[in-house]
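S.K.: build me a model from this:
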Amino acid sequence: MPASNKTKKSPVRKTVATKPAALPKSKRMKAAADVSGAGFRLADPMWNAHEILAALEMYASFGVSAVVFPELCITGASCGDLFRQNILLDAARKAVKFLLKETAALPVTFVIGIPERTRSGVLYAVTLCIRDGKIIARNKKPLDAPATVFAPIELVSTRRKRNPERLILCPSAVPSALMAPADFRSFALAAAKEHQADFILAAPKSGESVTDGFYGMPVCCSVMVHDGKPVLADLSDPCPSLEFDAAFEPAKTQYLLAFEEDPKRLASLGRDPLPFLPKDRTGTIWIAASLESALAHRMATAHASKLVIGVSGGLDSTLALLVAHEAVSALNLPASSVVAVSMPGFGTTARTKNNAARLAGLLGCDCRTVDIRPACLQHFADIGHDPKVADVVFENAQARERTQILMDIANGENALVVGTGDLSEIALGWCTYNGDHMSMYAVNSGVPKTLVRHLVAFYAGEHGGRIAPVLQDILDTPVSPELVPASESGESGHKTEQILGAYELHDFYLFHLVRLNESPREILRKAKKVFAAKYAADEIRRTLELFLRRFFSQQFKRSCSPDGPAVSPLSLSPSAGWRVPSDASPVLWLDDLK
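M.R.: Now for the predicted structure:
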């Protein structure tokens, strides 16, 4: 989308009186959601205003006379506490004034959004409808309202008096973790049916923050509903729109809309032994694309030239490597922009080391090997630790040495260190504090172990060829951090699920505790029923007790987690999802099992 030639600077109802505006001369109208792909900068209102103006000029050239942009498109919806900064609020007002002036002669009605603060200090997300250089309608919601609450603008036709045509223009700023494309579609259909109106829903831009979520792919999420049916845009159509044989003016009432999850769907997930897994291929593609796009976005905004990943031949680093490979490809960078570092230690097996090297080589990565054993032995000598004692010091020293190596390589390459730890490990605290716990972007942090396995299998099917056998062998390898010496047969002596219990149990407990807010007693009852044919009752109880103890005691690691994208409504991010004290007692939850 070409930028403007101007120089850019860096459901509760309530009635609101609206004054009808002058109608446009033409009585035919095309309406659309913005899918222009216009450039977007978070917290840069004037830049965004110029991009909106350029998009409006394009829409006008296609004969579109009504366009709805994403919610808070002037500033971005993910500014957080920056919304409290006067400098941002003032810049947003100036950007709106600029658009009012520049669009006075443009034959397009458009909907945008800005943050506003009242005299009493309350912040609102305000939806503005602009025509002929004037604000003809506005709606608002509290800025701290859930992202799945919307403040739409309704227009009604001037042709019919008793039963006028109605058009709802709904901007949104919902992370993909809260509403996948199918959810956008079902919400738009339900809202159109409830209000007996045509409905246009504009999805957020991919330029929103990927600190704790992902907002991208607006073309996939923007939805148009006409006569109660979704309008499927022809991909060859440069400007998909709805067409009306009438002019429209603002409705006299305004209201909020809300998306709520289907309770039947949640109930069915509650009975699912693998509740995190997508139910169809489309869902899997969406999750993989979200991870890839989020990492590419963070790489671009950080102005990083490369990505650095520690590859172990295990599931987590494999997924991170595959996602990184796709991310640099999306940025038109060579595959060698991914630096894959193998760091064999005292417990590394030949199987995992070879798989890591083969996969990285087949993907065309910049492959490097750093043996951490000499450095760790020197460290043990420095601190007076006997290297024959394979205790927590022995294990964690290796993890921290690996993190130091990755960070220093990244500094030398203008790169980001991509974290490999998954959501299940984060929930259990199964990571070394300031070791593999830390990275510059934790791309797997919203992906539980069962979903990691599912995604690696998906990539094996997608890539095929020589890469598939390597991925299959990685899938067949027992999960292990490989931090203690291997057995004489060459097998790892540190199998995670023998220590913690099955990951599918832990993921089931995590989903029911955090997503469904169920009590441990209820979780235990359901787990016994769901897993009766696979695990003994005492093993299910014992694993649940271990989960609860670790989930509470390891919160301090989650309190200082690196950024990472959420791909489901369940997040353990301290800033966006799970905000609890690090010193909370688990006694109440453990007693519930007695």
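
S.K.: mind jotting down where the helices sit in the stretch 51-200 of the chain?
M.R.: Assigned by DSSP state H, counting those that start in this stretch, the stretch 51-200 of the chain shows helices spanning 86-102, 181-195.

S.K.: export these to CSV and tack on mean pLDDT?
M.R.: Shown next, in CSV, are those (pLDDT from 0 to 100):
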stretch, mean pLDDT
helix 86-102, 97
helix 181-195, 91
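
S.K.: among the ones you listed, show me which one is buried the most.
M.R.: Highest mean neighbour count of the helices of the stretch 51-200 of the chain: helix 181-195, a mean of 18 (counted as mean count of other Cβ atoms under 10 Å). Yep, even glycine has a C-beta here, placed from its N, CA and C like the rest.

S.K.: packing partners of that one?
M.R.: Using 3 or more Cβ pairs under 8 Å, 6 or more residues apart in numbering; DSSP states H and E, the elements in contact with helix 181-195 are strand 166-171, strand 198-202, helix 218-221, strand 223-226, strand 229-230, helix 281-301.

S.K.: need these in JSON lines with distance to residue 525 and mean neighbour count, can you?
M.R.: Shown next, in JSON lines, are the helices and strands packed on helix 181-195 (distance: least, Cβ to Cβ, whole Å; neighbours: other Cβ atoms under 10 Å):
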{"stretch": "strand 166-171", "distance to residue 525": "41", "mean neighbour count": "25"}
{"stretch": "strand 198-202", "distance to residue 525": "40", "mean neighbour count": "27"}
{"stretch": "helix 218-221", "distance to residue 525": "37", "mean neighbour count": "20"}
{"stretch": "strand 223-226", "distance to residue 525": "39", "mean neighbour count": "22"}
{"stretch": "strand 229-230", "distance to residue 525": "40", "mean neighbour count": "12"}
{"stretch": "helix 281-301", "distance to residue 525": "28", "mean neighbour count": "20"}
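
S.K.: who are the contact partners of the closest residue to residue 305 other than its chain neighbours?
M.R.: Leaving aside its chain neighbours, residue 305 sits nearest to residue 414 (4.4 Å; criterion: Cβ to Cβ, 6 or more residues apart in numbering). Neighbour list for residue 414: 303-306 [criterion: Cβ atoms under 8 Å, 6 or more residues apart in numbering].

S.K.: tell me if residue 321 really is in a helix.
M.R.: Yes: under DSSP: H, G, I helix; E, B strand; the rest coil, residue 321 sits within a helix.

S.K.: quick check: it touching residue 359?
M.R.: Yes: between residue 321 and residue 359 there is a contact at 6.6 Å, judged by Cβ atoms under 8 Å.

S.K.: would you mind identifying the next helix or strand past the helix or strand of the chain with the lowest mean pLDDT?
M.R.: Among the helical and strand segments of the chain, the one scoring lowest on mean pLDDT, DSSP states H and E is strand 13-15, with a mean of 33. Going down the chain from strand 13-15, the next helix or strand is strand 29-33, by DSSP states H and E.

S.K.: neighbouring strands - and their directions - for that next one?
M.R.: Using DSSP bridges, strand 29-33 pairs in its sheet with strand 66-68 (parallel), strand 242-244 (antiparallel).

S.K.: with respect to burial, which of the ones you listed scores highest?
M.R.: Comparing the strands paired with strand 29-33 by mean neighbour count (mean count of other Cβ under 10 Å), strand 66-68 ranks first with a mean of 27.

S.K.: ok now it, how far from the chain's centre?
M.R.: The chain centre lies 26 Å from the centre of strand 66-68; the measure is Cα atoms, centre = their mean, to the nearest Å.

S.K.: list the contacts of it.
M.R.: Applying Cβ under 8 Å, 6+ apart, the contact partners of strand 66-68 are 29-34, 55-56, 59, 108-111, 153, 155, 167, 169-171, 200-202, 248.

S.K.: okay, now the unreliable bits of the stretch 351-500 of the chain?
M.R.: Filtered on pLDDT under 70, the stretch 351-500 of the chain yields the residue ranges 493.

S.K.: let's see 50
M.R.: The stretch 351-500 of the chain contains no residues with pLDDT under 50.

S.K.: residue ranges of the helices in it, please?
M.R.: Using DSSP H, counting those that start in this stretch, the helices of the stretch 351-500 of the chain run over 373-383, 392-413, 423-428, 449-463, 467-476, 496-500.

S.K.: relative to residue 313, which of those is closest?
M.R.: Closest of these to residue 313 is helix 467-476, at 6.3 Å (criterion: Cβ to Cβ).

S.K.: buried residues in that closest one?
M.R.: Residues 467, 470-471, 473-474 are the ones in helix 467-476 that count as buried (16 or more other Cβ atoms under 10 Å).

S.K.: for these, which one is nearest residue 425?
M.R.: Distances from residue 425 to the buried residues of helix 467-476, taken by Cβ to Cβ, are shortest for residue 474, at 16.8 Å.

S.K.: hmm, back to that, report the set of residues contacting both of residue 321 and residue 359.
M.R.: Residues touching both residue 321 and residue 359 (Cβ under 8 Å, 6+ apart) are residue 311.

S.K.: closest one of the buried residues of helix 467-476 to residue 367?
M.R.: Nearest to residue 367 among the buried residues of helix 467-476, with distances taken as Cβ to Cβ, is residue 470, at 13.6 Å.

S.K.: right, and residue 227 touches residue 199 too?
M.R.: No: taking Cβ under 8 Å as the definition, residue 227 is not a contact partner of residue 199, at 10.7 Å.

S.K.: residues in contact with the spatially closest residue to residue 323 that is not a sequence neighbour?
M.R.: Spatial nearest neighbour of residue 323, chain neighbours left out: residue 291 (4.8 Å); criterion: Cβ to Cβ, 6+ apart. Applying Cβ under 8 Å, 6+ apart, we find residue 291 in contact with 214, 323, 443-444, 447, 565, 567.

S.K.: show me which of those residues are buried.
M.R.: By 16+ other Cβ under 10 Å, the contacts of residue 291 give 214, 323, 443-444, 447, 565, 567 as buried.

S.K.: in a markdown table, list those residues along with distance to residue 299.
M.R.: As requested, the buried ones among the contacts of residue 291 are exported to a markdown table (distance: Cβ to Cβ, whole Å):
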| residue | distance to residue 299 |
| --- | --- |
| 214 | 14 |
| 323 | 11 |
| 443 | 10 |
| 444 | 16 |
| 447 | 18 |
| 565 | 13 |
| 567 | 18 |
